[in-house]
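Engineer: got a predicted structure here, sequence first:
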Amino acid sequence: MKFKDLIHLFYSDCKRYNYSLFRGITFSLLGIGPIQSVFFYRVSRFCYLNKLCGIHAIINRMNIILNNCEINPQCSIGSGLRIAHSTGIVIGNNATLGNNITLFHNTTIGAKTPYDGKVLMPKISDNVTIYTHSTILGDIFIGKNCTIGSHIFLVKDLEDYTTLFLDKNMSLVEKKNNRREQ
């Protein structure tokens with residue numbers, strides 16, 4: 001990964017917050033808002049991919065300490081990442097997230113067991129929103145334009161344009177949306 005790729009990725013993240021690149025970097029360095037978590041992940045991933053010895057681990061640890069957000073630098077996240085509240089977010093190594101992902105607090109994306117970590121991670125497509133206290137585990141695929149509601153424990157694949165949520169009786173509801181964005 002080149003430095004200009006890092007800037008391009010972070011710029012696309014800033015646009016999701018309606019920030020300029022300057023404002024996003026300033027807020028990140030001053031510790032204002034959840035954009036700092038995204039900034040630390042992007043820099044940590046850059047250091048990991050460019051084999052800058054141990055620096056990625058230090059930056060990742062800073063993200064954990066300052067934001068209570070653990071996004072492993074080995075996971076792959078596309079452009080336009082938006083974290084609404086960074087507290088409690090965990091994304092394991094080898095997880096793959098597409099473009100324009102929105103995450104809310106206390107979201108876990110990872111392997112079912114610690115022994116599955118290298119290969120059995122979720123793959124999440126573009127334009128997915130994952131709400132509060134959701135857990136996505138195992139070797140599953142989540143299609144494009146899906147919404148995963150609060151308090152969902154997901155261990156199965158989701159097709160494109162699916163909304164998953166709990167109704168007032170705490171029963172799992174899965175809706176397929178046939179409308180395609182153009």
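Structural biologist: Ah, there it is.

Engineer: residue ranges with poor pLDDT in this structure?
Structural biologist: Within the chain, the segments meeting pLDDT under 70 span 116-118, 179-182.

Engineer: in it, which spans are helices?
Structural biologist: Per DSSP state H, the chain carries helices over the ranges 3-16, 21-30, 35-49, 55-67.

Engineer: deepest-packed of those helices, please.
Structural biologist: Ranked by mean neighbour count, the helices of the chain are led by helix 35-49 with a mean of 23 (mean count of other Cβ atoms under 10 Å). Glycine gets a C-beta too; all of them are placed from N, C-alpha and C.

Engineer: contacts for that helix, please.
Structural biologist: Helix 35-49 has contacts (Cβ atoms under 8 Å, 6 or more residues apart in numbering) with 1, 3, 6, 9-10, 13-14, 17, 19, 24-25, 27-28, 55-56, 59-60, 62-63, 66-67, 69, 71, 73-74, 77, 81-83, 86, 89.

Engineer: cool, and stretch 136-148?
Structural biologist: 98, 107-112, 116, 119-131, 134, 153-165, 177, 181.

Engineer: now those: which count as buried?
Structural biologist: 98, 107-111, 116, 120-131, 134, 154, 158, 161-165 (16 or more other Cβ atoms under 10 Å).

Engineer: show me the residues you listed that map onto strands.
Structural biologist: Using DSSP state E, the members of these that fall within strands are Thr108, Ile109, Gly110, Lys123, Ile124, Thr129, Ile130, Leu154, Thr162, Thr163, Leu164, Phe165.

Engineer: you'd agree the third one is up against Gly92?
Structural biologist: Meaning Gly110. Yes. Counting by Cβ atoms under 8 Å, Gly110 touches Gly92, with 3.2 Å between them.

Engineer: list the contacts of Thr129.
Structural biologist: Ile101, Thr102, Cys146, Thr147, Ile148.

Engineer: at 6 Å what do you get?
Structural biologist: Shown in contact with Thr129 (Cβ atoms under 6 Å, 6 or more residues apart in numbering): Thr102, Thr147.

Engineer: which residues does it bridge with?
Structural biologist: Taking DSSP bridges as the rule, Thr129 bridges to Thr102, Thr147.

Engineer: gap between it and Thr162?
Structural biologist: Here the criterion is Cβ to Cβ, to the nearest Å. By it, Thr129 lies 12 Å from Thr162.

Engineer: swap in Ile136?
Structural biologist: Ile136 is 13 Å from Thr162, by Cβ to Cβ.

Engineer: how much space between His105 and His85?
Structural biologist: For His105, the distance to His85 - Cβ to Cβ - is 4 Å.
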